[in-house]
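S.K.: Need coordinates for the below:
(one chain, ligands or ions: 1)
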Amino acid sequence: MYDLAIVGAGINGASVAHEFAKAGKRVIIFDMDGIASGGSGAAGAFIAPKFSKGGELKELLHNAFVYSMEFYEKNFPKLFTKTELLHIAKDEESSEILKQYKQNTSLELKEPSQSFLSTLSEHAREYEHICIDAGVVNAQAMCKAMCKSAKYVEQKVETLVYDEGLWIINDTYSAKSVLLATGAYESVIKEPYVKLRGVWGHRIDIKTSTDNPYSLHQNVSISPSSSGELAIGATHNVHYHPQSASEPYDLQKARAELLEKAGMTMKLGNVDVIRDFTGLRSGSFDYMPLIGKIVLSKETLASKDICFKTKKPNYDEYTYYPNLYIINGNGGYGFVLAPYLAKMLSEHILNGKKINEKLSPARLFARWARKLV
Ligand SMILES: Cc1cc2nc3c(=O)[nH]c(=O)nc-3n(C[C@H](O)[C@H](O)[C@H](O)COP(=O)(O)OP(=O)(O)OC[C@H]3O[C@@H](n4cnc5c(N)ncnc54)[C@H](O)[C@@H]3O)c2cc1C
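M.R.: Reported below is the predicted structural model:
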């Protein structure tokens, strides 16, 4: 019997496995295709904040960025490379936002090398830029290292049954609590209000004669080069979804698109694509992640005492699955958010520490129920 069974060994599931192991708990983690076989295996895994005007997501990502930089460096120094991030605005509008960001941020601003800037394209030099200390994670090795103390089972979780205070997984394994960390894949527990959008992404590793010392972000993300290799990745503007596409994914065309976008920032010499990674990342309607207990919609809706029309719902009134939790919806910031959210979620499960309601899956239920009744 395990303290926690985790479904999904991407960066979210792996980060919680790591936290539970640190607390001396027994963890079993399942993945149907291998550790980091989903979105996490495709990620460029850049650790960066969100350079936007303001709001809850920006604040959450700022805190997660500061936390995760320290977390990776302290716990997994061999799988984390500290680099300077040179983020360049894409257009006039984002230049203005970046200017404001620079005026207000508490992060230390760096001066990028003038000689490097002069090698960038006109499109890159035309717009505002920011340079800060940031990092890149070795995505697959990190997920594996974080799962090390857990029992790993390569198996699709098909059934979850709650029986006499324990969850029974695939009729074989038992655990006190279960965590769903299934990313953009179909969830084992289906609740109509949990709607996550999968966005397809593509990363290529290339050989190139061009040297790049920075994590360079503009239309796509370009990693620093090491031994003549670097990675280029994007999860936006790649118009494809594996579930709705009528044609197979055109790898050649998508490679060319990534290289063209990278070329808008810097000229890359003698390019040879050596590896492709593709995958889905998942996001919620309000772009905030989801962590915490899952509402039983049918049972909650049946309650005559709850007013579902209210704009100030009381989440404590809802009925929840016993000891069943979710971590998902990290969007394009899975590696930035996961260690921070995993700590919050673990403290909640183990010590009952409250989670900010803005992150609760109950907010999705409240919104869905308000429209329904
Ligand atoms: C191309 C690309 C580039 C990205 N770049 C960055 C970046 O630079 N920085 C950053 O922070 N984030 C980045 N992201 C986003 C980041 O990768 C995601 O936010 C993150 O991987 C989500 O992790 P996850 O654990 O929720 O999901 P996943 O990694 O998708 O893991 C879910 C896992 O669950 C398993 N699973 C699902 N259902 C079951 C089941 N029933 N039984 C068993 N196993 C199951 C799947 O096999 C999968 O391995 C990028 C994403 C992509 C696609």
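
S.K.: which residue packs closest to the closest residue to the ligand within the stretch 51-200 of the chain, ignoring adjacent ones?
M.R.: When scored by CB to the nearest ligand atom, the stretch 51-200 of the chain has Gly183 as its residue closest to the ligand, at 2.6 Å. The way it works is simple: take the backbone N, C-alpha and C, and place the C-beta from them, glycine included. Spatial nearest neighbour of Gly183, chain neighbours left out: Gly38 (4.7 Å); criterion: CB to CB, 6 or more residues apart in numbering.

S.K.: Could you report the distance from the residue lying farthest from the centre of the chain to the ligand?
M.R.: Within the chain, Lys304 marks the point farthest from the mean C-alpha position, 37.6 Å out by CA atoms, centre = their mean. For Lys304, the distance to the ligand (CB to the nearest ligand atom, to the nearest Å) stands at 35 Å.

S.K.: Break this protein into its domains for me.
M.R.: Per automatic domain parsing, the structural domains of the chain span 2-38+142-196+285-372, 48-137, 197-280.

S.K.: Check these for me and report the most buried one.
M.R.: Neighbour counts (mean count of other CB atoms under 10 Å) averaged over each of the domains of the chain peak at domain 2-38+142-196+285-372, with a mean of 19.

S.K.: measure that domain end to end?
M.R.: End-to-end distance of domain 2-38+142-196+285-372 (CA to CA, to the nearest Å): 38 Å.

S.K.: can you give me how far it is from the chain middle?
M.R.: Centroid displacement of domain 2-38+142-196+285-372 relative to its chain, using CA atoms, centre = their mean, to the nearest Å, is 14 Å.

S.K.: shift numbering so it begins at 858
M.R.: Shifting the count to begin at 858 puts that one at domain 859-895+999-1053+1142-1229.

S.K.: What average pLDDT does it get?
M.R.: For domain 859-895+999-1053+1142-1229, mean pLDDT rounds to 96.

S.K.: still on that earlier bit, from memory the residue nearest to Gly1040 sits against Gly1055, does it?
M.R.: No. The criterion here is CB atoms under 8 Å, and Gly895 misses it with Gly1055 at 10.0 Å.

S.K.: shared neighbours, the two?
M.R.: Ala1041, Leu1137 (CB atoms under 8 Å, 6 or more residues apart in numbering).

S.K.: Leu1055 should be in a strand, yeah?
M.R.: For residue 1055 the amino acid is Gly, not Leu. Yes. Counting by DSSP: H, G, I helix; E, B strand; the rest coil, Gly1055 is part of a strand.

S.K.: pLDDT of stretch 1116-1133, averaged?
M.R.: For stretch 1116-1133, mean pLDDT is 96.

S.K.: For the stretch 1058-1207 of the chain, list the residues in contact with the ligand, please.
M.R.: Within the stretch 1058-1207 of the chain, the positions adjacent to the ligand are 1058-1060, 1078, 1090, 1092, 1136, 1138, 1185, 1187, 1189-1193 by CB under 6 Å from any ligand atom.

S.K.: Need the pLDDT of Arg1060.
M.R.: With respect to pLDDT, Arg1060 scores 94.

S.K.: Quick check: it touching Ile1131?
M.R.: No. Contact status for Arg1060 versus Ile1131: not in contact, 11.8 Å apart, counting by CB under 8 Å.

S.K.: quick one: common contacting residues for the two?
M.R.: What both Arg1060 and Ile1131 touch, as defined by CB under 8 Å, 6+ apart, is an empty set.

S.K.: quick one: the helices in the stretch 908-1057 of the chain?
M.R.: Along the stretch 908-1057 of the chain, the segments classed as helices by DSSP state H, counting those that start in this stretch run 913-932, 949-961, 971-974, 979-982, 996-1003.

S.K.: Kindly reformat these as JSON lines containing distance to Lys1155.
M.R.: Output for the helices of the stretch 908-1057 of the chain, formatted as JSON lines (distance: least, CB to CB, whole Å):
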{"stretch": "helix 913-932", "distance to Lys1155": "30"}
{"stretch": "helix 949-961", "distance to Lys1155": "43"}
{"stretch": "helix 971-974", "distance to Lys1155": "58"}
{"stretch": "helix 979-982", "distance to Lys1155": "53"}
{"stretch": "helix 996-1003", "distance to Lys1155": "34"}
